[in-house]
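> The following block contains a protein sequence and its predicted model.
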Amino acid sequence: MTYVIIPTYNESGNIARLVEEIGSLALGLRVLIVDDNSPDGTGEIADTLAQKYAFVEVLHNSQKDGLGRAYLRGFEYVWKRGTDRVIKMDADLSHQARYIPLLLRAAKKYDLVLGSRFDKGGRLIAVWHRRFLSRLANLFVSFLFGLGVSDATTGFHCLSKKVLQTVLDKGVISRGFAFQVELVYLTRQAGLEVGGIPIEYISRESGRSKMNWGEVWGGIVDLLRLKFCGPRD
């Protein structure tokens, strides 16, 4: 059984379309939406989708607690239900469902598969400053950790059960976007295999990006803590 975990905050214009696209793949996937108490009604839309589609489940957080915490809660939920692997992706349609079969195919070889914007054949379609920030972030991560991947900050992943267990056993220190890097870091530290597939990433058309300078600085702090203090024991 494979779960697709989708954290949401103010994604009312996107979540229904994404769920429908995942369902149209006809791969027997289950979808878990983890909503961070979105004020725009995303949580209510998610509940409606769960009533409409038997493969959709919803978790509601009582407050906005960050991307990392949303994913951890989702990981705990699917682990208890005996999932074999997990796909994690953004709700804003920048991560396209059509790549899910390719992630699953690569998962036969790797414990953690990255949907990479910067592998050969990948593409980041965004305004110049978003492209610059993504490149700069990956250079910074490479300098700190030397993870040996081209896109450590991607949020589009396929995790094996071994990776899921590693993350749940170890825990994470990152609340925001640095969680993506910490996931790769923990996988490498556990001696598990990491690989990637190229994807085309398209900036959102509906809603507002959650990335702001507060998130950027918070991510830098989390990465420095991870580098110099290590992961949570």
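Now that the structure is in, tell me what you want to look at. Numbering: from 1, shown residues only.

> rest of the way, CA atoms for contacts and neighbours
Fine.

> so where is the chain shaky, pLDDT-wise?
Within the chain, the segments meeting pLDDT under 70 span 204-214, 232-233.

> try it again with 80
127-129, 175, 204-217, 230-233 (pLDDT under 80).

> Show me the residue sitting in the middle of it in space.
Gly155 (3.6 Å; C-alpha atoms, centre = their mean).

> Contact partners for that residue?
88-90, 115, 180 (C-alpha atoms under 8 Å, 6 or more residues apart in numbering).

> Now it. Its backbone dihedrals?
Per-residue torsions, Gly155: phi -110, psi 10 (degrees, to the nearest 10).

> what comes up buried for stretch 43-51?
Neighbour-count burial for stretch 43-51, counted by 16 or more other C-alpha atoms under 10 Å, picks out 43-47, 49-50.

> Going along the chain, name the strands of the protein.
2-8, 30-35, 56-60, 85-88, 112-116, 123-125, 157-160, 194-198, 200-202 (DSSP state E).

> Can you add distance to Ser24 and give those strands back as CSV?
What follows is the strands of the chain, written out as CSV (distance: least, C-alpha to C-alpha, whole Å):
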stretch, distance to Ser24
strand 2-8, 14
strand 30-35, 12
strand 56-60, 13
strand 85-88, 16
strand 112-116, 20
strand 123-125, 24
strand 157-160, 19
strand 194-198, 21
strand 200-202, 20
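
> Name the stretch among those strands that sits most buried.
For the strands of the chain, average neighbour numbers computed from mean count of other C-alpha atoms under 10 Å are highest in strand 112-116, which has a mean of 28.

> Quickly run through the sheet partners of that strand, with directions.
Strand 112-116 has its sheet partners listed here by DSSP bridges as strand 157-160 (antiparallel), strand 194-198 (parallel).

> Redo those strands as a markdown table? Include distance to Arg130.
What follows is the strands paired with strand 112-116, written out as a markdown table (distance: least, C-alpha to C-alpha, whole Å):
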| stretch | distance to Arg130 |
| --- | --- |
| strand 157-160 | 20 |
| strand 194-198 | 18 |
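
> among these, which is nearest Phe145?
strand 194-198 (14.4 Å; C-alpha to C-alpha).

> Show residues contacting that closest one.
Contacts of strand 194-198 (C-alpha under 8 Å, 6+ apart): 102-103, 106, 110-123, 149, 184, 187-188.

> can you check stretch 219-233 too?
Residues from elsewhere that reach stretch 219-233, judged by C-alpha under 8 Å, 6+ apart: 141, 144-145, 170-178, 182, 186.

> Out of those, which sit inside helices?
141, 144-145, 170, 182, 186 (DSSP state H).

> Only the buried subset of these, as a ChimeraX command please.
This is how ChimeraX selects the buried members of these, with burial counted by 16+ other C-alpha under 10 Å:
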select :141,182,186
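
> which one of the ones in helices among the contacts of stretch 219-233 sits closest to Val34?
Using C-alpha to C-alpha, the ones in helices among the contacts of stretch 219-233 come closest to Val34 at Glu182, 19.7 Å.

> That closest one against Arg175, yeah?
No: at 10.3 Å, Glu182 does not count as touching Arg175 under the criterion of C-alpha atoms under 8 Å.

> hmm, back to that, going through the contacts of strand 194-198, which ones are buried?
102-103, 106, 110-119, 123, 149, 184, 187-188.

> Residues contacting stretch 128-146, please?
In contact with stretch 128-146 (C-alpha under 8 Å, 6+ apart) are residues 124-125, 147-148, 150-153, 181, 185, 223, 227.
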